[in-house]
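Enquirer: sequence plus predicted model, see below.
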Amino acid sequence: MTPPMTTLATGTDTLTRDALAVLQPGFDGTTAPDWVRRRLGEGLASVALFGRNVVTEEQVTALTAALRAERDDLLVAIDEESGDVTRLDVRTGSSFPGNHALGAVDDPDLTRAVSRELGRRLAACGVNFDWAPSADVNANPDNPVIGVRSFGASTDLVARHTAAWVQGLQSTGVAACTKHFPGHGDTNVDSHHAVPRIDVDADTLYARELPPFRAAIAAGTRAIMSAHILVPALDADRPGTLSRRILTELLRGELGYRGLIVTDGMEMRAISGTYGLEHGVVLAIAAGADAICVGGGLCDEGTVLNLRDALVAAVRSGELSEERLADAAARVRALAAWTAGARGGAAETAPDPEIGLVAARRALRVTRTGPAAAINTPVYIAQFEPERNIAVGDQTPWGVAVELARLLPGTSVASFTGDGAGADALAAADGRRIVAVVRDEHRHPWMGSALDTLLAARPDTVVVEMGLPQAAPRGALHIATYGAARVCGAAAAEAVVAG
């Protein structure tokens, strides 16, 4: 029966506010857009920052202050994993090594100290919600999207470092968002482009993928992010983000999780290309998600209003229950209230600006495979560029060039890719000592061939591997950094000069 018009009007106002509350949209620009300010007054409770919104920490601080002037308990989210995936340091490279480097050191106290300093910096900029850490177990070294974003291939190692990372970050009043549930490590497809499928049995999933999320829950993670992956052992029909079996029955029921569930970016093709953006958002909330991440690609007011209206319409049609939407909105507001009450944590945290470089140095693995003269004169850096995944993006510089040029003035660098890259680099070096910088050599046959060419002609070449060190060490000196953060490059440059 259709309710009386007065009841519908009152309900619609509540529904509209709840529908806006569950959205976590991005936006364009480095200042607060007028449309975002308006929607904050109408119920929008969260915004998301991406690399395009960041120039300096001072600018981000001004941006978040302007937004918070409209709503003091606003959730300001960011995708700041440190390491390869950085937004705060998007233009320079991260001041902190990523998960794989921390896992290589395997000192949870160090991991806790790194994430605590990251949280202190985020909080100082007015950011109070971080879509990190990645709790994925790197079971597939050919994974095109996780790789060094994982602490490692050991479930126990990933679990203890996930817990430490959550504890360090949240001690500063910044909410952690552990991802990508129920585990994105054993995929060979990037969910930015299509739906990955994990064909493992339930016993393997429970033993390998879920313990890091259990550890995060025990550590008090305030949020968990769903993955757009199909896991037939759990749900043969719906990917995790849209699966009631995975989000409500498994995460809430079996694992006893009570915090916020946020989706991975809904504009990713795994969802938008299969279900459509608006319908996908409705299905996600119905399945048990509480907050909708959208806007890794540009998100405008029209997109936000379309999603709001789709949720309201779904409640009216009966596709989505009003209680489920209200529960989701309440969880968002509860997290916002927690962050507002926890702001003092950052002020009580002593700055530790060198901890990132300290950690990067500890993570280095140096292998000498042949005799080579010490390097004390300018070198030629041949950087072999693989295609980057969308999570990393193409804005962030990587490599050893900046720091090595500082240590060895006159050093030069060029990038090479594809067939013939080795011969091109050898010709460009023109007799100079070569430092070859690679990233996931094991995943790129052309990169391996390039190194073959270089080492056959110049066995004194130094090789720096800044991805997963799966290929056998080679070169007169082989340096594995376990990530491509700026500090990893600085630590590697020091090792090159030290020989």
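Expert: Sure, I can see it. Numbers count the residues shown, from 1 in each chain.
Enquirer: alpha carbons of the biggest helix by length in the chain, as PDB, please.
Expert: Longest helix of the chain, by residue count under DSSP state H: helix 322-341. Output in PDB follows, covering the C-alpha atoms of helix 322-341 (Å, rounded to 0.1, in the frame of the first residue of the first chain):
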ATOM      1  CA  GLU A 322      14.900   0.900   4.600                       C
ATOM      2  CA  GLU A 323      16.400  -0.700   7.700                       C
ATOM      3  CA  ARG A 324      19.500  -1.900   5.900                       C
ATOM      4  CA  LEU A 325      20.200   1.600   4.500                       C
ATOM      5  CA  ALA A 326      19.600   3.100   7.900                       C
ATOM      6  CA  ASP A 327      21.900   0.700   9.500                       C
ATOM      7  CA  ALA A 328      24.600   1.400   6.900                       C
ATOM      8  CA  ALA A 329      24.300   5.100   7.400                       C
ATOM      9  CA  ALA A 330      24.400   4.700  11.200                       C
ATOM     10  CA  ARG A 331      27.700   2.800  10.900                       C
ATOM     11  CA  VAL A 332      29.200   5.600   8.800                       C
ATOM     12  CA  ARG A 333      28.100   8.200  11.400                       C
ATOM     13  CA  ALA A 334      29.500   6.100  14.200                       C
ATOM     14  CA  LEU A 335      32.900   6.000  12.600                       C
ATOM     15  CA  ALA A 336      32.800   9.700  12.000                       C
ATOM     16  CA  ALA A 337      32.000  10.200  15.700                       C
ATOM     17  CA  TRP A 338      34.900   7.900  16.700                       C
ATOM     18  CA  THR A 339      37.400   9.900  14.600                       C
ATOM     19  CA  ALA A 340      36.100  13.200  16.000                       C
ATOM     20  CA  GLY A 341      36.600  11.900  19.600                       C
END
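Enquirer: any idea which helix or strand comes after that helix?
Expert: Once helix 322-341 ends, the next helix or strand along the chain (criterion: DSSP states H and E) is helix 344-347.
Enquirer: just the CA trace of the helix or strand following that following helix, in PDB.
Expert: The C-terminal neighbour of helix 344-347 among helices and strands, as given by DSSP H and E, is helix 355-363. Extracted in PDB, the C-alpha atoms of helix 355-363 (Å, rounded to 0.1, in the frame of the first residue of the first chain):
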ATOM      1  CA  ILE A 355      61.500   6.000  10.400                       C
ATOM      2  CA  GLY A 356      60.600   5.500   6.800                       C
ATOM      3  CA  LEU A 357      64.200   5.600   5.600                       C
ATOM      4  CA  VAL A 358      65.300   3.500   8.600                       C
ATOM      5  CA  ALA A 359      62.800   0.800   7.600                       C
ATOM      6  CA  ALA A 360      63.800   1.000   3.900                       C
ATOM      7  CA  ARG A 361      67.500   0.500   4.700                       C
ATOM      8  CA  ARG A 362      66.700  -2.500   6.900                       C
ATOM      9  CA  ALA A 363      64.600  -4.100   4.100                       C
END
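Enquirer: so which residues make contact with helix 355-363?
Expert: By CB atoms under 8 Å, 6 or more residues apart in numbering, the residues outside helix 355-363 that reach it are 82, 94-97, 101-102, 104-105, 107, 110, 113-114, 117, 481-483, 485, 487-488, 490-491, 494. (Glycine included, C-beta is placed from N, CA and C.)
Enquirer: if you set the cut-off to 6 Å instead, what comes out?
Expert: By CB atoms under 6 Å, 6 or more residues apart in numbering, the residues outside helix 355-363 that reach it are 95-97, 101, 104-105, 110, 113-114, 117, 482, 487-488, 491.
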